[in-house]
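Any chance you could fold what I've pasted below:
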Amino acid sequence: MALFAVLQTTFLLALLPLRTYQSEVLSEPLPLTPESLSVSINSTKQCLHLQWTVHNLDYHQELKMVFQIEISRFKASEVIWTGNYSTTVMQNQVLHWSWESELPLECAIHFVRMRTMVDDARIPVPRFWSNWSSWEKADAQNSLGDHPLYVFPKDKLVEEGSDVTICYISRNHQDNISCYLEDVLTYGKQLDQSVWAFELKNVSFLRKTGTNFYCQGQGVPEGIVLYVSKVLEEPKDFSCETRDLKTLTCTWDPGDDTGLIGLPSYTLFESFSGKKTLCKHRNRCDWQVTQDSQEMYNFTLVAENYFRKRSVSILFNLIHGVHPVAPYNLFPKNVSATNATMTWKVHSIGNNSALLCQLQLLGEGKVIQQHNISVRVNGEYLLSELEPDTEYMARVHCAYADHFWKWSELISQNFTTAEAAPLEAPDVWRNVMFVSGHPTVTLFWKPLSKVHTHGKILFYNVVVENLDEPSSLEARSVPAPANSTKVTLNQSSYQIHVTAHNSVGPSPASTVAVSGHPGNGAFRPGVRYNFRIYEISTKRMARLLEKKTGYLEELDNSVCCKYTIDNPDQKTFVMKDLQPESVYEFLVTSYTSAGEGPLDDFRKVTTPDEYSHILIYIILPMIFCVLVIMIACYLKSQWLKDKCYPDIPDPYKSSVLSLIKSKENPHITIMKVNDCVPDAIEVVNKPEGSKIQFTGTRKSPTETKGTKPAYLDLLPTEKNYSGPGPCICFENFTYNQAASDLGYCGHFPVTPQAPHCQLGPLTSPENLLKTLEQNYMNSLGEIPAGEANLNYVSQLASPMSGDKESPPTNPPEPTLCSEYKMQMAIPLGLASPPPSENSSLSSTTLLDPGEHYH
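Okay, the predicted model is just below:
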């Protein structure tokens, strides 16, 4: 037991240094400088390929590291690119990394160096970069010969819309070199003493053979071919189907061709099974169905070229995508005049799964019958209700019966039904002429239509039956396509039977009757007759077959005009030189080489009066003149109304409101009571006989004796108003006709001796009105004209500078105006003592003793 304890202690002591060493390695940063750095050039891809190792890793664990790489051009100090590359590094691992250059590598010398830093979570911070490795030089010009001019890159492949840098190297610095892109001069920039670069922006696809770029110096021109590929499109309409449950076929629309031979490539990948296959076609790919009963497939189609990848996916159920192969061996059998049996075969699917086949029958290009049949191997169907001697087309296609998805391709077969006896009797009519008392009958018949012949008509059989001698029958055969024959009869009565014959048999007979006596004829020439033809059934039931209208013989004098129209496409004809107010009958009938067609009903037409158009030329101008007169009268009536009966003006729309220009509210249109001070009335006394001077030619008050003008002078009544001044005068022309005739309103000066009357509150409104009425009636005869004037003091007037005794030379400027109120003149005796200076004026203004109010 003691020995075991000693061995255990010894083992632990041996492991302790190793564990301590590992702890120190993971806890202390290591100077892991990259070593063995080498740089190679890939001219085809214009890439620098780097390879290096890290030698200081002494243990077998993986370590995450970051490598910082610097690349210089022409000189080591001219760094053009700096970047980081992260990876996990193991002991003695050789690392690889590539860098693609925009400038062709042959046109410049490149230098590469790197350093590293451990970026592992097991290494504590802070972490630091190692020392830089030495610069490694990559010079592609060493492989160039002594040619005086080089252009790079060679056979560059780029994508449409990208930018490309092209350069040239000139050994002769004195040579003047010009470069051209498809014969268009191109300008570049100088990178070195012998290197020039050209940047082509947004290159476009020109042709599959590439775009030419060349440079011309004193010697032979040097150039390259730039191959431009169109942008790879994403496959469209990606779908899969199976035709036999053994092979899947996936199809797609690849889009526009990229313009490069052999590109792109298409790969089909199935995620459930993890399998993939390289497609042999650019729009189709086959996939073999395994026998493990896999029904669901998750396909991903990857399109890839040198520049990019495009992919689309589809989730596909094998049973839901069955598109059967077209059936085969479609043939008719047992074809009769009205029936035909169609047979065909189908390709088996799986374990002889059922197919749903659709059989279509076409006549004259239209589907007339359609039938659905379930088929496993062989299909068969009886077509009925066919027409004899008719060409038909039968076609069939099939679909998977368990789950319908898509019909197979159609296969077709033509066949013709057998002939049958003609269905209807020929349409026969006759022309009877009597020669030497014996009737000669010419029989005509119309060829049967194809619907009624049921085959090719070979001949017509004509049987003449003598009604007076029933045993006497005469038969003759008229080969087709003849449509008439002549029969000479005696004076007996006859029935003539005509039948049409094909290879199967005769048609029903058409019968006409002929009387042997000319006197028995009841038809007259020039008379139109209407015939109704009936069919008598075996049950003695009549059925109307057709109607006919015509003449036994047309009279030439009854036909005014007859025109022949040779153009069968013409549908109109103009008849000229007809008489007005006359009745005409018109008939249009067709004709062929055999003669004219049947005569249908005539159409009656009545020509109009020849003066009707003249009345239109008279009536229309009259109607126009009446409308003009009515419009003029209406406009004149409005003018008369405006002149003789004008509208009563609206006080709210008065032009006086336009004089109000309030600074506080310049848009005011209706005066408010709160905006102004009550007005006052002042009576100005003048000595008798004195004349008031006016600025105009108006008569003085003494010259207008017998009149009582009411002049209202508007004066300000503000509190601080200290004296009289000019005012605006409003004359009451309603009560002063003389003043109204003058048409002028003067301005009255206000004398200093005429103070404003101020009254206190009235005792009672009723007493006030009674007193006013009394004083007014008593004063009408006491005050002579001219002694006093009643002045209306208003807020419209404003004080003006100048002589107070003379009228103003300019009209006063109106100030803020108040709403007009009813003013009353009150005798002084009714007033209360004068108010104090702080009291306000009342709207009711009183007059001094001896003054009058109006």
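
average pLDDT across the lengthiest helix in the chain?
Ranked by residue count and defined by DSSP state H, the top helix of the chain is helix 612-644. Mean pLDDT, helix 612-644: 84.

What of stretch 381-394?
For stretch 381-394, the mean per-residue pLDDT is 95.

Not counting that stretch itself, show me its contacts.
Outside stretch 381-394, the residues that touch it by Cβ atoms under 8 Å, 6 or more residues apart in numbering are 330, 332, 337-342, 359-363, 369, 371, 373, 412-420, 451, 453-456. (Glycine included, C-beta is placed from N, CA and C.)

returning to that earlier point: for the longest helix of the chain, list every residue counted as buried.
Using 16 or more other Cβ atoms under 10 Å as the test for burial, helix 612-644 gives no buried residues.

dump the residue contacts of residue 72.
Taking Cβ under 8 Å, 6+ apart as the test, what residue 72 contacts is 78-80, 110-112, 135.

Derive a PyMOL selection command for the buried subset of those.
PyMOL command restricting these to the buried ones, with burial defined by 16+ other Cβ under 10 Å:
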select buried, resi 110+111+112
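
List just the nearest of the contacts of residue 72 to residue 587.
residue 80 (101.6 Å; Cβ to Cβ).

just to revisit the earlier point, among the contacts of stretch 381-394, which ones are in strands?
Among the contacts of stretch 381-394, DSSP state E puts 330, 332, 340-342, 359-363, 369, 371, 373, 412-416 in strands.

got the contacts of residue 72 as JSON lines, with pLDDT, secondary structure and distance to residue 248 columns?
Below are those laid out as JSON lines (pLDDT from 0 to 100; DSSP: H, G, I helix; E, B strand; the rest coil; distance: Cβ to Cβ, whole Å):
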{"residue": "78", "pLDDT": "91", "secondary structure": "coil", "distance to residue 248": "58"}
{"residue": "79", "pLDDT": "94", "secondary structure": "strand", "distance to residue 248": "55"}
{"residue": "80", "pLDDT": "94", "secondary structure": "strand", "distance to residue 248": "52"}
{"residue": "110", "pLDDT": "94", "secondary structure": "strand", "distance to residue 248": "51"}
{"residue": "111", "pLDDT": "95", "secondary structure": "strand", "distance to residue 248": "55"}
{"residue": "112", "pLDDT": "96", "secondary structure": "strand", "distance to residue 248": "50"}
{"residue": "135", "pLDDT": "93", "secondary structure": "coil", "distance to residue 248": "57"}
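
Secondary structure of residue 380: a strand, I assume?
Yes. Under DSSP: H, G, I helix; E, B strand; the rest coil, residue 380 sits within a strand.

That one: neighbouring residues, count only.
A count of nearby residues for residue 380, using other Cβ atoms under 10 Å, gives 12.

Identify the bridge partners of it.
Beta-bridge pairing for residue 380 (DSSP bridges): residue 343.

dump the residue contacts of it.
Residues near residue 380 by Cβ under 8 Å, 6+ apart: 341-344, 373.

Put together JSON lines for those, with neighbour count, pLDDT and distance to residue 231 on each row.
Output for these, formatted as JSON lines (neighbours: other Cβ atoms under 10 Å; pLDDT from 0 to 100; distance: Cβ to Cβ, whole Å):
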{"residue": "341", "neighbour count": "15", "pLDDT": "96", "distance to residue 231": "58"}
{"residue": "342", "neighbour count": "23", "pLDDT": "96", "distance to residue 231": "52"}
{"residue": "343", "neighbour count": "15", "pLDDT": "96", "distance to residue 231": "54"}
{"residue": "344", "neighbour count": "24", "pLDDT": "96", "distance to residue 231": "48"}
{"residue": "373", "neighbour count": "16", "pLDDT": "95", "distance to residue 231": "50"}
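
Residue 563: which of those residues is nearest?
Closest to residue 563, out of all of these and judged by Cβ to Cβ, is residue 342, at 54.8 Å.

Next one: the closest one from residue 211, what distance?
Per Cβ to Cβ, to the nearest Å, residue 342 is found 61 Å from residue 211.

shaky segments in this structure?
Scanning the chain for pLDDT under 70 picks out 1-31, 58-60, 174, 516-520, 522-526, 538, 540, 552-560, 599-600, 650-854.

What I need now is the contacts of residue 72 written out in a markdown table, including distance to residue 219 for each item.
Formatted as a markdown table, the contacts of residue 72 follow (distance: Cβ to Cβ, whole Å):
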| residue | distance to residue 219 |
| --- | --- |
| 78 | 31 |
| 79 | 36 |
| 80 | 32 |
| 110 | 28 |
| 111 | 32 |
| 112 | 35 |
| 135 | 36 |
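
which among the contacts of residue 72 gets closest to residue 144?
Looking across the contacts of residue 72 and measuring by Cβ to Cβ, the closest to residue 144 is residue 110, at 15.2 Å.

any idea how far residue 510 is from that closest one?
Distance, residue 110 to residue 510, using Cβ to Cβ: 108 Å.

now residue 416
On the measure of Cβ to Cβ, residue 416 and residue 510 end up 28 Å apart.

between those two, which one's more packed in?
Taking other Cβ under 10 Å, residue 416 and residue 510 do not tie; residue 510 has more neighbours (19 against 14).

what's the helix or strand for the closest residue to the more buried one other than its chain neighbours?
Leaving aside its chain neighbours, residue 510 sits nearest to residue 425 (3.9 Å; criterion: Cβ to Cβ, 6 or more residues apart in numbering). Assessed by DSSP states H and E, residue 425 sits outside every helix and strand.

Wait, residue 340 touches residue 331, no?
No. Between residue 340 and residue 331 there is no contact under Cβ atoms under 8 Å: 10.3 Å.

These two: who's more crowded?
More crowded of residue 340 and residue 331, by other Cβ under 10 Å: residue 340, with 22 against 12.

Could you check how far that one is from residue 353?
As judged by Cβ to Cβ, residue 340 and residue 353 stand 29 Å apart.

So what does residue 56 have for phi and psi?
Main-chain dihedrals, residue 56, degrees, to the nearest 10: phi -90, psi 10.

Does it touch residue 65 like I think?
No. The criterion here is Cβ under 8 Å, and residue 56 misses it with residue 65 at 11.1 Å.

Mutual contacts of the two, please.
Shared contacts of residue 56 and residue 65 (Cβ under 8 Å, 6+ apart): residue 32.

So which of the two has more stuff around it?
Neighbour comparison, residue 56 and residue 65: the larger count goes to residue 65, with 22 against 12 (by other Cβ under 10 Å).

That one bridge partners, please.
Judged by DSSP bridges, the bridge partners of residue 65 are residue 87, residue 118.

just residue 165 next, same as before
residue 199.

how much space between it and residue 79?
With distances taken as Cβ to Cβ, residue 165 is found 19 Å from residue 79.

go on, residue 563?
According to Cβ to Cβ, residue 563 stands 103 Å off from residue 79.

One more: residue 381?
85 Å.

what about residue 227, which helix or strand?
Assessed by DSSP H and E, residue 227 sits inside strand 222-229.

How about the contacts made by residue 255?
When contacts are counted by Cβ under 8 Å, 6+ apart, residue 255 touches 233-236.

again, only using 7 Å
233, 236 (Cβ atoms under 7 Å, 6 or more residues apart in numbering).

Which secondary structure state does it sit in?
Of the three states, residue 255 takes coil according to three-state DSSP.

Could you give the number of residues near residue 250?
Residue 250 - counted by other Cβ under 10 Å - has 23 other residues nearby.

ok, now how distant is the nearest residue to it once chain neighbours are set aside from residue 303?
Distances taken as Cβ to Cβ, 6+ apart place residue 240 nearest to residue 250, at 4.2 Å, with adjacent residues excluded. Relative to residue 303, residue 240 is positioned 16 Å away (Cβ to Cβ).

List the buried residues in the strand holding residue 227.
Neighbour-count burial for strand 222-229 flags 222-224, 226-229 (criterion: 16+ other Cβ under 10 Å).

right, and the helix or strand after that strand?
Going down the chain from strand 222-229, the next helix or strand is strand 236-242, by DSSP H and E.
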